[in-house]
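Enquirer: I'll drop the sequence and a predicted model, then ask my questions.
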Amino acid sequence: MKNIPHGLYVLTDSGLIPDERLVPAVAAAIAGGAVMVQYRDKGSDADKRRWEAQDLVHLCRPLGVPLIINDDVALAAAVGAAGVHLGRDDGDIASARAALGPAAIIGVSCYNELERAVAAEAAGADYVAFGSFFPSTVKPGAVRAECDLLRQAKGRLRVPVVAIGGINADNGARLVAAGADLLAVISDVFGQRDVRAAAMRLSRLFE
């Protein structure tokens, strides 16, 4: 099993972070305690996405912080990212593993479906993510998951469990108590004026 850190997992969002602020913002989140970073950009500018992902690899790798690429196995391979995160329509785990190699971290979105997570672990996923646990401005139409799903997942899975969706410093503690190994957060870090302080508030939930 991969040595995946437990704690705050920050996801970037091009709508919240201007291009020129991406690397400084992620650096601030790491300084505040983020243990894993996901580059998430749904835009169509492939060159921009490659430059930004490469810049984040150069930031994260020396700090020992895994950089995960959202949805794009080819981009993860091209920039030498630590791994990839796959949603429902983003290809299968075996193909991602073949492209990225045995050391890559492969995460899978499992929404509110425990059996999907069990199958993902059996297929070689290194972590699974459940949510949305709370209303999310990033994905307002996301399916909702209940806290008890985390407890059930911890009883059946060996891989780390990630909670995502509308998480902030006020509601995150109950997810950690229910078994979340990582809290995946976008707006409550990158939507805040002081990114480092926001990350620190969330990171302290794991102390």
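Expert: Looks like it arrived, so ask away.
Enquirer: And the residue sitting furthest away from the middle of the chain, how far from Ala53?
Expert: Residue farthest from the centre of the chain, counting by Cα atoms, centre = their mean, is Asp47 at 22.4 Å. Asp47 sits 11 Å away from Ala53, going by Cβ to Cβ, to the nearest Å. Where C-beta positions appear, they are placed from N, C-alpha and C, glycine not excepted.
Enquirer: ok, now Arg201?
Expert: 27 Å.
Enquirer: okay, these two: which has more neighbours?
Expert: Just comparing Arg201 and Ala53: by other Cβ atoms under 10 Å the higher neighbour count belongs to Ala53, 24 against 19.
Enquirer: longest helix anywhere in the protein?
Expert: Using DSSP state H, we find that the single longest helix of the chain is helix 46-63.
Enquirer: and that one, C-alpha only, in PDB?
Expert: The C-alpha trace of helix 46-63 is given here as PDB (Å, rounded to 0.1, in the frame of the first residue of the first chain):
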ATOM      1  CA  ALA A  46      -3.800  22.400 -23.200                       C
ATOM      2  CA  ASP A  47      -0.600  24.400 -23.300                       C
ATOM      3  CA  LYS A  48      -1.600  26.400 -20.200                       C
ATOM      4  CA  ARG A  49      -2.600  23.300 -18.300                       C
ATOM      5  CA  ARG A  50       0.800  21.700 -19.100                       C
ATOM      6  CA  TRP A  51       2.800  24.800 -18.000                       C
ATOM      7  CA  GLU A  52       0.900  25.100 -14.800                       C
ATOM      8  CA  ALA A  53       1.100  21.400 -14.000                       C
ATOM      9  CA  GLN A  54       4.800  21.400 -14.600                       C
ATOM     10  CA  ASP A  55       5.300  24.500 -12.400                       C
ATOM     11  CA  LEU A  56       3.400  22.700  -9.600                       C
ATOM     12  CA  VAL A  57       5.500  19.600 -10.000                       C
ATOM     13  CA  HIS A  58       8.600  21.700  -9.600                       C
ATOM     14  CA  LEU A  59       7.100  23.300  -6.400                       C
ATOM     15  CA  CYS A  60       5.700  20.200  -4.800                       C
ATOM     16  CA  ARG A  61       8.300  17.500  -5.500                       C
ATOM     17  CA  PRO A  62      11.200  19.100  -3.500                       C
ATOM     18  CA  LEU A  63       8.800  19.600  -0.600                       C
END
